[in-house]
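Asks: dropping the sequence and predicted coords here.
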Amino acid sequence: MPAYKKPVFIVGMPRSGTTLIQGILCNTGEYFPMPETHFFVRAAYGLPEENLSKKHRKRIQHKLLKKSRIKLDKRLPENLTTIKDIFEHVIDQFNPEGTRTF
């Protein structure tokens, strides 16, 4: 996993300009957008933080692909055994060069 700069989280009420701010930051070339992260929390809800089984990884992948429409490789790698590992893998999918922050 590349060493990312500190992530930037844009938080605000609906229709308050958060999407505009995200667009402006992403146009600088230093940042890349992620889907709204609450989708990730929903995908991993109720699962252990670590020692994820194959069934757990499959459930997270299904929810990320189908419910959140996050584009991922067809299968999560076997070495992803923690929630953190999977989250970092998703970040890597959006920033394969590892040159920008999210």
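Replies: Done, it's in. Numbering: from 1, shown residues only.
Asks: right, and the helix or strand after the helix or strand of the chain with the lowest mean pLDDT?
Replies: Lowest mean confidence among the helices and strands of the chain (mean pLDDT, DSSP states H and E): helix 38-43, at a mean of 74. Next helix or strand after helix 38-43 toward the C-terminus (DSSP states H and E): helix 54-62.
Asks: list the buried residues of that next one.
Replies: Across helix 54-62, burial judged by 16 or more other CB atoms under 10 Å covers 56-57, 59-61. Backbone N, C-alpha and C define where each C-beta goes, glycine included.
Asks: what do you get for stretch 84-95?
Replies: 85-87, 89-91, 95.
Asks: which of these fall within helices?
Replies: 85-87, 89-91 (DSSP state H).
Asks: tell me which of those is nearest to V8?
Replies: For those, the minimum distance to V8 (CB to CB) is 12.9 Å, reached by I91.
Asks: from what I see, that closest one and R100 are in contact.
Replies: No. Here I91 does not reach R100: they are 10.3 Å apart, not a contact under CB atoms under 8 Å.
Asks: pLDDT weak spots in the chain?
Replies: 1-5, 35-39, 67-70, 73-74 (pLDDT under 70).
Asks: send me stretch 21-28 as PDB with only the CA atoms.
Replies: What follows is stretch 21-28, C-alpha atoms only, in PDB (Å, rounded to 0.1, in the frame of the first residue of the first chain):
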ATOM      1  CA  ILE A  21     -15.900  21.400  -3.300                       C
ATOM      2  CA  GLN A  22     -15.000  17.800  -4.100                       C
ATOM      3  CA  GLY A  23     -15.000  18.600  -7.800                       C
ATOM      4  CA  ILE A  24     -12.700  21.600  -7.300                       C
ATOM      5  CA  LEU A  25     -10.200  19.600  -5.300                       C
ATOM      6  CA  CYS A  26     -10.200  16.700  -7.700                       C
ATOM      7  CA  ASN A  27      -9.600  19.000 -10.700                       C
ATOM      8  CA  THR A  28      -6.200  20.000  -9.000                       C
END
